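[1] Here you go, sequence then predicted model.
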Amino acid sequence: MRRIYLSLSLMASLVVITSSWFMYDHTWGLKVNHHTFKSPQVLADPIRIAFISDLHLTHSSSDFERLAEIIKQTHDFAPDLILHGGDFTGEDAAVTRVIREDILNGLQLFTEIAPNYAILGNHEWWTDPSWALALNEADIRVIEGGSDTLFIKESELCLRGLGDAYTGNYIPTPFHDTCQGIRITLTHDPQAIQLDDQGGLYLAGHTHCGQFNPPLLDPWWSPTRADSEFLCGLGSSDDKLWLVSAGVGTSIIPLRWGAPAGIEFITIR
């Protein structure tokens, strides 16, 4: 009997130690994830893209310190293009009105590195209808519901923005027929990836990869109607390739467990 108690005690201690490490590492750490994708056509030079989603900035100095670190990491990566996946604010409408100027001033520092494009997240739709105008005035072009053709290092890149499916703002917006370059679609809720019929690379966030994922178990809940294959990380189907980022901040519960915060640095060769 004593041996059984000892074994149970050791197992319990191992679970506590493992869970504590897991929780600490993924609550406070920020992963910089590097991805390399092959271009469907020959490029003169690789194209580098920074994708940053779900900052969820709050009325907290630590959040803005983290933003400063992300800006530094992005500067060091030296991207040709910076894409934002929405959910810049993590506060309600009242507090967002107080801190929005600070958020915009922080985001504007990204524009000193490379051109910036964005779509809105559910928190922007919930807090202030003028987010799109404010971001555009900060030199961060909101491409939601539209598309643009960019020429980066002599290569054509077709960029498209889809509205947030979680708030009912997804509207099919096909690429222009004249697009002959790399196709990239930016959206917030990955359900738009599942609903859409265009090919190319999709970038999304919103799910936080479940945010709270105990070891060996699936996420308890994720705020999307998308199938599980679209909830987190890389995936592909037919002529679609997608990357769903865990994002930076947290929502509802200020805790990450098994879903480390991250930013995505992409190289297309």
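    Structure received.
[2] Report the buried residues of the helix or strand harbouring Leu133.
    In this assignment (DSSP states H and E), Leu133 forms part of helix 131-137. Buried positions in helix 131-137, judged by neighbour count with 16 or more other Cβ atoms under 10 Å: Trp131, Ala132, Ala134, Leu135. C-beta: built from backbone N, CA, C; applies to glycine.
[3] The stretch 101-250 of the chain: helices as residue ranges?
    Using DSSP state H, counting those that start in this stretch, the helices found in the stretch 101-250 of the chain span residues 122-127, 131-137, 191-195.
[4] would you turn these into JSON lines with distance to Phe175?
    Shown next, in JSON lines, are the helices of the stretch 101-250 of the chain (distance: least, Cβ to Cβ, whole Å):
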{"stretch": "helix 122-127", "distance to Phe175": "24"}
{"stretch": "helix 131-137", "distance to Phe175": "21"}
{"stretch": "helix 191-195", "distance to Phe175": "14"}
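[5] could I get those as a markdown table with mean pLDDT?
    Output for those, formatted as a markdown table (pLDDT from 0 to 100):
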| stretch | mean pLDDT |
| --- | --- |
| helix 122-127 | 98 |
| helix 131-137 | 98 |
| helix 191-195 | 98 |
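[6] Out of those helices, which is closest to Ile52?
    Among the helices of the stretch 101-250 of the chain, the nearest to Ile52 by Cβ to Cβ is helix 131-137 (13.3 Å).
[7] helices or strands next to the closest one in the packing?
    Packing contacts for helix 131-137, counted by 3 or more Cβ pairs under 8 Å, 6 or more residues apart in numbering; DSSP states H and E, involve helix 93-108, strand 140-142.
[8] quick revisit: which residues outside the helix holding Leu133 are in contact with it?
    By Cβ atoms under 8 Å, 6 or more residues apart in numbering, the surrounding residues in contact with helix 131-137 are Phe88, Arg100, Leu104, Leu107, Ala118, Leu120, Glu124, Asp128, Arg141, Val142, Glu144.
[9] Deepest-packed of the helices and strands packed on helix 131-137, please.
    With neighbours defined as mean count of other Cβ atoms under 10 Å, the helices and strands packed on helix 131-137 peak in mean count at strand 140-142, which reaches a mean of 21.
[10] Contact partners for the residue nearest the centre of the chain?
    The structure's the chain has its C-alpha centroid closest to Ser53; by Cα atoms, centre = their mean the separation is 2.9 Å. For Ser53, the contact set (Cβ under 8 Å, 6+ apart) comprises 84-87, 121, 188, 203-206, 245, 247-248, 264.
[11] Tabulate these in a markdown table, adding columns for distance to Thr224.
    Compiled in a markdown table, those are given as follows (distance: Cβ to Cβ, whole Å):
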| residue | distance to Thr224 |
| --- | --- |
| His84 | 19 |
| Gly85 | 13 |
| Gly86 | 13 |
| Asp87 | 13 |
| Gly121 | 12 |
| His188 | 10 |
| Leu203 | 15 |
| Ala204 | 9 |
| Gly205 | 10 |
| His206 | 6 |
| Ser245 | 13 |
| Gly247 | 13 |
| Val248 | 18 |
| Glu264 | 18 |
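[12] Run through the neighbouring helices and strands of the helix or strand where Ile49 lies.
    Using DSSP H and E, Ile49 sits within strand 47-52. Here strand 47-52 is seen to pack against helix 61-77, strand 81-84, strand 261-268 when contacts are counted using 3+ Cβ pairs under 8 Å, 6+ apart.
[13] a markdown table for the ones you listed, including mean neighbour count?
    Below are the helices and strands packed on strand 47-52 laid out as a markdown table (neighbours: other Cβ atoms under 10 Å):
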| stretch | mean neighbour count |
| --- | --- |
| helix 61-77 | 15 |
| strand 81-84 | 24 |
| strand 261-268 | 21 |
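[14] Could you list the low-pLDDT ranges of the stretch 1-150 of the chain?
    The stretch 1-150 of the chain contains residues with pLDDT under 70 at 1-28.
[15] Convert the helix holding Leu133 to CSV, retaining C-alpha atoms only.
    Extracted C-alpha coordinates of helix 131-137, given in CSV (Å, rounded to 0.1, in the frame of the first residue of the first chain):
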residue,chain,number,x,y,z
TRP,A,131,-11.1,51.9,-36.5
ALA,A,132,-10.6,51.6,-40.2
LEU,A,133,-10.4,55.3,-40.7
ALA,A,134,-8.0,55.7,-37.7
LEU,A,135,-5.7,53.0,-39.0
ASN,A,136,-5.6,54.4,-42.5
GLU,A,137,-4.7,57.8,-41.0
